[in-house]
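Chemist: predicted model follows, preceded by the sequence.
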Amino acid sequence: MAHPTSDVFARLERFYDAVPRDAAVAEDIGSFVLFVRDGAGWPFYARPRIGAPTPSAADVTAVRQRQRDLGIAEAFEWVHDTTPDLLPVARSAGLEVLLAPLMVLQRAALVPDLPLPDARIRLLDPAAPAFADDLAASRAVAQLGFGAPAAPAFPTGDGPLVTAAAGPRERDAVTRPDDAQVDDARQRQTAGRHTTAVVESPTEGILASGIVQQVGDVAEVAGVATLPSARRRGYASQLTASLARHALQSGADLVLLSAGDDDVARLYSRIGFRRIGTACIGEPAPAAL
């Protein structure tokens, strides 16, 4: 479905502001709102407050100090097209900023469901007895999949280094989510806020994973990753398309994602997404650590 770009950005700001609020305490710091995780689960970030002036370097510094005091990641997210003046401010305040292509789905261009060789796509069922095991495997795939491109060798959390060719054995060695994290994921998926989908092989188990998070009629596909040993089989593209289709079937009429770089964005464009802007992800630059 086509949307005027200005309307899209306004809707995205409301969506990004709403996503963490059912699981976080929101703290206003200058022109930012810092979302502090309440309970188990992934940590959140700071974003520009809706309607506030462009954050200053002092605002960035104040948020980072608060994050350090809380012992949480110094993480910032915003849409460059909505807050364009924040990029130089963030850099001057010691942040390194990833510029990620921001893309929305063109519904008519979404590719159909296609069979995968020796694998199938399924949604995790939060009521299933195997949910905890499935969640552990899907998160391990994400950890290994996102870690491999950045470093040829990295820790799994409690074991030896693994390489970019990590496969099912390394996946199964990654530290499992604890009971509180499983319960948090189960509650969010039961409520329809999150849906996790996986690519599963009958012989190798879960090989790719991703999520879609939805608030009202806006949904975001995120965290799509493939186990390094299973790359180049088309899993990520088809999984992304399946998650987007699930979001549409669940009532979303605006489906978005942020690509890691231009090469990844080109892959997503082939399954029905088009670029509309740039998402910014900021964290301390190495020299500022």
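Modeler: Great, that's in hand. Numbers count the residues shown, from 1 in each chain.
Chemist: and the helices in the stretch 101-250 of the chain?
Modeler: 131-150, 168-173, 179-190, 235-249 (DSSP state H, counting those that start in this stretch).
Chemist: okay, and residue 268 sits in which element?
Modeler: Assigned by DSSP states H and E, residue 268 belongs to helix 262-269.
Chemist: pull the CA atoms of that helix into CSV?
Modeler: Extracted as CSV, the C-alpha positions of helix 262-269 are listed here (Å, rounded to 0.1, in the frame of the first residue of the first chain):
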residue,chain,number,x,y,z
ASP,A,262,23.0,-1.0,1.0
ASP,A,263,23.8,-4.5,-0.1
VAL,A,264,21.2,-6.0,2.3
ALA,A,265,18.7,-3.3,1.2
ARG,A,266,19.0,-4.5,-2.4
LEU,A,267,18.1,-8.0,-1.3
TYR,A,268,15.0,-6.7,0.6
SER,A,269,14.0,-4.6,-2.5
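Chemist: who does it touch, helix- and strand-wise?
Modeler: Judged by 3 or more Cβ pairs under 8 Å, 6 or more residues apart in numbering; DSSP states H and E, helix 262-269 is in contact with strand 95-105, helix 235-249, strand 273-284. Quick note: C-beta positions are derived from backbone N, CA and C, even for glycine.
Chemist: tell me where the model's unsure across the protein.
Modeler: The chain contains residues with pLDDT under 70 at 1-5, 40-41, 148-164, 287-289.
Chemist: domain assignment for it?
Modeler: Domain assignment for the chain by automatic domain parsing gives 5-103+282-288, 107-271.
Chemist: can I get those in a markdown table including mean neighbour count?
Modeler: A markdown table is the format used below for those (neighbours: other Cβ atoms under 10 Å):
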| stretch | mean neighbour count |
| --- | --- |
| domain 5-103+282-288 | 17 |
| domain 107-271 | 18 |
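Chemist: sorry, back to before: now the helix holding residue 268 against helix 235-249, angle please.
Modeler: For helix 262-269 against helix 235-249, the angle by axes from the mean of the first three to the mean of the last three Cα atoms, to 10 degrees is 50 degrees.
Chemist: who's in contact with helix 262-269?
Modeler: With contacts defined as Cβ atoms under 8 Å, 6 or more residues apart in numbering, helix 262-269 is touched by 101, 103, 236-237, 240, 257, 259, 273, 275.
Chemist: which of the residues you listed sit farthest apart?
Modeler: Farthest apart among the contacts of helix 262-269 by Cβ to Cβ are 236 and 275. That separation is 17.7 Å.
Chemist: list the residues that contact residue 276.
Modeler: 5, 8, 81, 102-104 are the contacts of residue 276 under Cβ under 8 Å, 6+ apart.
Chemist: let's have these in CSV, adding distance to residue 215.
Modeler: Listed next are these as CSV, based on distance: Cβ to Cβ, whole Å:
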residue, distance to residue 215
5, 20
8, 15
81, 20
102, 17
103, 18
104, 15
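Chemist: which of the residues you listed sits closest to residue 250?
Modeler: Of all these, residue 250 sits closest to residue 104, with 16.6 Å by Cβ to Cβ.
Chemist: ok, and the closest non-adjacent residue to that closest one?
Modeler: Leaving aside its chain neighbours, residue 104 sits nearest to residue 256 (4.9 Å; criterion: Cβ to Cβ, 6 or more residues apart in numbering).
Chemist: go on, residue 85?
Modeler: Nearest to residue 85 is residue 54, by Cβ to Cβ, 6+ apart, at 4.4 Å.
Chemist: does the one you found touch residue 80 like I think?
Modeler: No - look at residue 54 against residue 80 with Cβ atoms under 8 Å: they stay out of range, at 11.8 Å.
Chemist: shared neighbours of the two, anything?
Modeler: Common neighbours of residue 54 and residue 80 (Cβ under 8 Å, 6+ apart) are residue 86.
Chemist: off-centre distance for stretch 172-184?
Modeler: 18 Å (Cα atoms, centre = their mean, to the nearest Å).
Chemist: please identify the helix or strand for the closest residue to residue 20 other than its chain neighbours.
Modeler: Leaving aside its chain neighbours, residue 20 sits nearest to residue 35 (4.0 Å; criterion: Cβ to Cβ, 6+ apart). Per DSSP H and E, residue 35 falls inside strand 32-37.
Chemist: next, the angle from that strand to helix 179-190.
Modeler: Going by the same axes, to 10 degrees, strand 32-37 makes 110 degrees with helix 179-190.
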